[in-house]
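Visitor: Here you go, sequence then predicted model.
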Amino acid sequence: MKAGMTYGFVFGVALVGISLLFYVLNTDLDSKLPQFAGYAALLVALFFGIKSYRDQDSGGFITYGKSLGTGVLIAFFGSVIAAFYTYVFFTFIDPSMVDKIVEMSQQKMLDKGLPEDQVETSLSMMKKFMTPGWMFLFAILTYTFMGFLFSLVISIFTKREPQNPFNSNLQ
């Protein structure tokens, strides 16, 4: 729990920093760079958090399952911080950002040649979920799920189980 909270906090603060940096730099809303930077921060936090737990709190050993669980905890705690920031951002810092995102999505759909009625239907559904509360929930779900997926792979490399001295392969 300690490693999950500690590295989750680091990850959450890194996500907030990344988001603020790209906002201040006025990065194009269509850019995938902020998303990739967030995933890179998640990967780094997961690897070092799981490794730290294994080496400092678990006596140098960790099972695959415990490694996976630690990674999910790190992602969850970090996602709560990021979700809180998302709520504050879209509620207080720049509430007009939702309108900008909707306008960009509308233009993309029109550029693809979608009929006007289909565009309006899509946008009305999109607006229902573009509230700070829904974005708070989606941020937690998204980063926790991505943390689970990344931890599935990272745990392969971080697991280290103790050797059983009574199970020797010597002939």
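Guide: Alright, I've got the coordinates.
Visitor: what residue ranges in this structure score low on pLDDT?
Guide: 165-171 (pLDDT under 70).
Visitor: Could you pick out the longest helix of it?
Guide: helix 132-158 (DSSP state H).
Visitor: Which residues belonging to it are considered buried?
Guide: 132, 135-136, 139-140, 142-144, 146-147, 150-151, 154-155, 158 (16 or more other C-beta atoms under 10 Å). All C-beta spots, glycine's among them, are computed from the backbone N, C-alpha and C.
Visitor: Kindly report the same for stretch 47-61.
Guide: Those would be 47, 48, 49, 50, 51, 52, 53, 54, 58, for stretch 47-61 by 16+ other C-beta under 10 Å.
Visitor: With just CA atoms, put that stretch into PDB.
Guide: Presented in PDB, the C-alpha positions along stretch 47-61 are these (Å, rounded to 0.1, in the frame of the first residue of the first chain):
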ATOM      1  CA  PHE A  47       8.400   0.000 -13.100                       C
ATOM      2  CA  PHE A  48      10.100   1.900 -10.300                       C
ATOM      3  CA  GLY A  49       7.200   1.600  -7.900                       C
ATOM      4  CA  ILE A  50       7.000  -2.200  -8.300                       C
ATOM      5  CA  LYS A  51      10.800  -2.500  -8.200                       C
ATOM      6  CA  SER A  52      11.000  -0.400  -5.100                       C
ATOM      7  CA  TYR A  53       8.300  -2.500  -3.300                       C
ATOM      8  CA  ARG A  54      10.100  -5.700  -4.300                       C
ATOM      9  CA  ASP A  55      13.600  -4.500  -3.200                       C
ATOM     10  CA  GLN A  56      12.700  -2.400  -0.100                       C
ATOM     11  CA  ASP A  57       9.500  -3.800   1.400                       C
ATOM     12  CA  SER A  58       9.300  -7.400   0.200                       C
ATOM     13  CA  GLY A  59      12.800  -8.600   0.900                       C
ATOM     14  CA  GLY A  60      13.900  -8.700  -2.700                       C
ATOM     15  CA  PHE A  61      11.200 -11.000  -3.800                       C
END
